[in-house]
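S.K.: show me the folded form of this:
(2 chains)
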Amino acid sequence: MSTEKSRLNRIRRSLGLETQNEWPSVVRERLGTYLLLGIYLVVIWFPIYYIFITSLKPTSEVLSLPITFFPRDPTVQNYVDIFTNRPFEFYTMNSMIVAITTTIVCVTLGTLTGYSFSRHDFMGNKTLLLSIVGARMIPPIALIVPFFQIMSSPPLIGGLTGSLYDTRLALILTYTFFNLPFAVWIMKNYFDGVPESLDEQARIDGCSRWEAFFKIILPMAKPGIAATAILAFIFSWNEFVFALVLTSSESAQTLPIAVSLFVADDFVDWAHLAAGGMIAALPGILFGLFFQQYIVSGLTQGAVKE
Amino acid sequence: MSTERQEWRRKLDKLFVPLTVGPTLLWIAAIIVYPTAKLLISSFQFRNPVTNEMEFVGLRNFRRLILAREGSNAAFGLFNPDFVAFTRNTVVYVGCSVTISFLLGLGIAILLNKDLKGRGWFRTAVIVPWILPYVMSGLMWRWMFQADFGAINGLLQRLGIISGNIPFLSDGALAMVALIIADVWVFTPFIIIILLAGLQNVPEQLYDAAEVDGASRWSRFWNVTYPFLKPSILVALTIRIIFDIRALDLVWVMTGGGPGKATEVWASWLYRTAQVFNSPGSGAALGVVLLAVTFAIVATLYKIFGESPYEA
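M.R.: Next up, the predicted model:
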């Protein structure tokens, strides 16, 4: 049988012998794999396709029967509408500012701290690292009550005029809570993979610790930094619950909130919601398509240690 | 170089660790330890609706959440019927969606681990649902399951499987099924990535050896793949389960806990209690319970799937 043949071929291959022509079983298995993966992809991409075509339909077509799976006359009017009738430029700007600032803070602190944890034995460093990582285990939603209380009470620090409620700063501060522990963890694991002899060489050559870090090690850590940055950006960009609790107007509301605002109690404006949803989904789709390997390496570095 | 400058450099070097670790630690303490402490304190307090002041009430918040009202004739005797119902919903929601997405993710990861042309392309296409905003995904699925103009009803009708429209989201059991489908859609990519990373750690020669020994597919999986996959399974399940218990986004935008209370889970209950009903004490108490349950689950999973991956 074919499996027998492939087994034989494996043995021959492992002995360095030439393999017999094994294409029938291999081709059949491959085709089966491609078929299954193909079906899976079609099924999981269908909803994205459907929301995309909804965003291109005029409301009259969205709410007409029978349902069309290709828009009858596609239009970008919904996209124009959400920027003219709704302050989508503010929501988009808020999302950008919050996500980018959070990313910069988390990457900067995460890289420095991750490096120290990777290279230096200092007092209680294992315990400290564990508590930083453990902090990620705290369910954020458990903390919505205290966060709301803290952000809506008068500021502790002078110079701030009002409470932080409904400001982008509140979101930035909050999002570092999700992302900083993760950033430290990814970067620590990343630096663990950079040989320590490089640091030592730099030190022998007369570099200070800072110089060794910035000149020698940091440039080698670019892929790790990219992974951390992309994940921190996506997590902040997509966050919904805290934005819902901590903001109330377009001065701080982000795109996920803006999209949810198309849902009124009994009526949902699906055509415009779909357009807003596509805008909110854009970075995720683009990052996925272009930087998939960084996302994967970041996730597996942060989660599964090699 | 002047000696003064060298002195300065040496001093700065000594401060390397404090300067690189210090800010992060202070920040994490401020943003996590302080709110957590505040959470614990709030859970013992009750806001007096008249004076708007917080009063210390001991364990009363917890008692009110978990136990039946005194003198009431609750169906479940000792416990608050809401607590029982929402816990059951949470277990069904989390249990079903984690199991399904785990098995599906394992299957796809095994397929993707094969020597395929265009594997990178497949991986890219597979990952996207996970990176979209959960709110967008939740609303998207709500639109898919919409009774009159939704794509699911449309497809099923076009295929001749059903004749009338199924009101997915206004039937309790169907709403839960819809929620689970959406959840599986969102989180299977995560399982795939983590398990795929684990599968790539399995040495190829072991498969060959097992195959030469005539091991069946099943026994190859159990004896060769599974031991190497265990750490990845642990991470995938831990993160998946704790995330599902605490995630509000999907439930909130798809069903809002409804119809009635059919899809109310702990996360939505917490949010409703704390925000909508404006009862920070009860919300905080529920948060404390959630925290305790999370840690219990993590500890259990570690017991089952072996050592901590956090060991250096």
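
S.K.: now do the SS call for residue B:117.
M.R.: Under DSSP: H, G, I helix; E, B strand; the rest coil, residue B:117 falls in the coil class.

S.K.: could you report the pLDDT at it?
M.R.: At residue B:117, the pLDDT value in this model is 81.

S.K.: residues near it, how many?
M.R.: Neighbourhood size, residue B:117 [other CB atoms under 10 Å in any protein chain shown]: 9. Every residue, glycine included, has its C-beta placed from N, CA and C.

S.K.: check contacts around it.
M.R.: Applying CB atoms under 8 Å, 6 or more residues apart in numbering or on different chains to residue B:117 gives no contacts.

S.K.: how near is it to residue A:33?
M.R.: Using CB to CB, to the nearest Å, one gets 11 Å for the distance from residue B:117 to residue A:33.

S.K.: need the per-residue pLDDT for residue 133.
M.R.: Here I'm looking at chain A. For residue A:133, pLDDT reads 73.

S.K.: can you look at chain B instead?
M.R.: pLDDT, residue B:133: 91.

S.K.: against residue B:139, how distant is it?
M.R.: Distance from residue B:133 to residue B:139, by CB to CB: 9 Å.

S.K.: quickly list what's touching both of these two.
M.R.: residue A:259.

S.K.: where do the helices of the stretch 51-200 of chain A begin and end?
M.R.: Assigned by DSSP state H, counting those that start in this stretch, the helices in the stretch 51-200 of chain A fall at A:59-62, A:77-84, A:88-119, A:125-135, A:144-152, A:168-192, A:196-204.

S.K.: of those helices, which is nearest residue B:263?
M.R.: Of all the helices of the stretch 51-200 of chain A, it is helix A:144-152 that lies closest to residue B:263, at 19.7 Å by CB to CB.

S.K.: CA atoms only for stretch B:41-51 - export them in PDB, please.
M.R.: In PDB, the C-alpha atoms belonging to stretch B:41-51 read as follows (Å, rounded to 0.1, in the frame of the first residue of the first chain):
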ATOM      1  CA  ILE B  41     -10.800  47.700  49.700                       C
ATOM      2  CA  SER B  42     -13.800  48.500  47.500                       C
ATOM      3  CA  SER B  43     -15.000  45.000  47.700                       C
ATOM      4  CA  PHE B  44     -15.600  45.500  51.400                       C
ATOM      5  CA  GLN B  45     -17.400  48.800  50.900                       C
ATOM      6  CA  PHE B  46     -20.800  49.900  50.000                       C
ATOM      7  CA  ARG B  47     -21.700  53.300  48.500                       C
ATOM      8  CA  ASN B  48     -24.400  54.900  50.500                       C
ATOM      9  CA  PRO B  49     -26.900  56.100  47.900                       C
ATOM     10  CA  VAL B  50     -27.900  59.200  50.000                       C
ATOM     11  CA  THR B  51     -24.500  60.500  51.200                       C
END
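
S.K.: other residues contacting that stretch?
M.R.: A:145-146, A:149, B:53-62, B:279-281, B:283-285, B:287-288.

S.K.: how about a cut-off of 7 Å?
M.R.: A:145-146, B:54-58, B:60-61, B:280-281, B:284-285, B:288 (CB atoms under 7 Å, 6 or more residues apart in numbering or on different chains).

S.K.: same check on stretch A:296-303?
M.R.: Against stretch A:296-303 from outside (CB under 7 Å, 6+ apart): A:182, A:185-186, A:189-190, A:223, A:227-228, A:230-231, B:193-194, B:197, B:235, B:239.

S.K.: where in the stretch 51-200 of chain B is pLDDT low?
M.R.: B:68-77 (pLDDT under 70).

S.K.: which positions in it make contact with chain A?
M.R.: Contact residues (CB under 7 Å from any CB of the partner chain) of the stretch 51-200 of chain B with chain A: B:108, B:111, B:114, B:116, B:122-125, B:127-129, B:131-136, B:139-141, B:143-144, B:149, B:151, B:154, B:185, B:193-194, B:197-198.

S.K.: which of those residues count as buried?
M.R.: B:108, B:111, B:116, B:122-125, B:127-129, B:131-136, B:139-141, B:143-144, B:149, B:151, B:154, B:185, B:193-194, B:197-198 (16 or more other CB atoms under 10 Å in any protein chain shown).

S.K.: contact partners for the residue nearest the centre of chain B?
M.R.: In chain B, the residue lying closest to the centroid (CA atoms, centre = their mean) is residue B:243, at 1.5 Å. Neighbour list for residue B:243: empty [criterion: CB under 7 Å, 6+ apart].

S.K.: SS state for the residue nearest to residue A:62 when sequence neighbours are not counted?
M.R.: Using CB to CB, 6 or more residues apart in numbering or on different chains and skipping residues adjacent in sequence, the residue nearest residue A:62 is residue A:271, 4.7 Å away. What three-state DSSP gives for residue A:271 is helix.

S.K.: for residue B:101, give its distance to residue A:219.
M.R.: 39 Å.

S.K.: the residue nearest to residue A:62 is in contact with residue A:54, isn't it?
M.R.: Yes - the pair residue A:271 / residue A:54 is scored as a contact, 6.4 Å apart, by CB atoms under 7 Å.

S.K.: which neighbours do these two share?
M.R.: Counting by CB under 7 Å, 6+ apart, the residues touching both residue A:271 and residue A:54 are residue A:62.

S.K.: quick one, which of these two is more surrounded?
M.R.: Taking neighbours as other CB under 10 Å, residue A:271 and residue A:54 compare with residue A:54 leading, 27 against 24.

S.K.: any idea of the pLDDT on the residue nearest to the more buried one when sequence neighbours are not counted?
M.R.: The shortest distance from residue A:54 to any non-neighbouring residue, by CB to CB, 6+ apart, is to residue A:274 (3.9 Å). The model reports residue A:274 with a pLDDT of 91.

S.K.: can you check residue A:31 too?
M.R.: 86.

S.K.: three-state assignment of residue B:46?
M.R.: Residue B:46 is classified as strand under three-state DSSP.

S.K.: so how many other residues sit close to it?
M.R.: 20.
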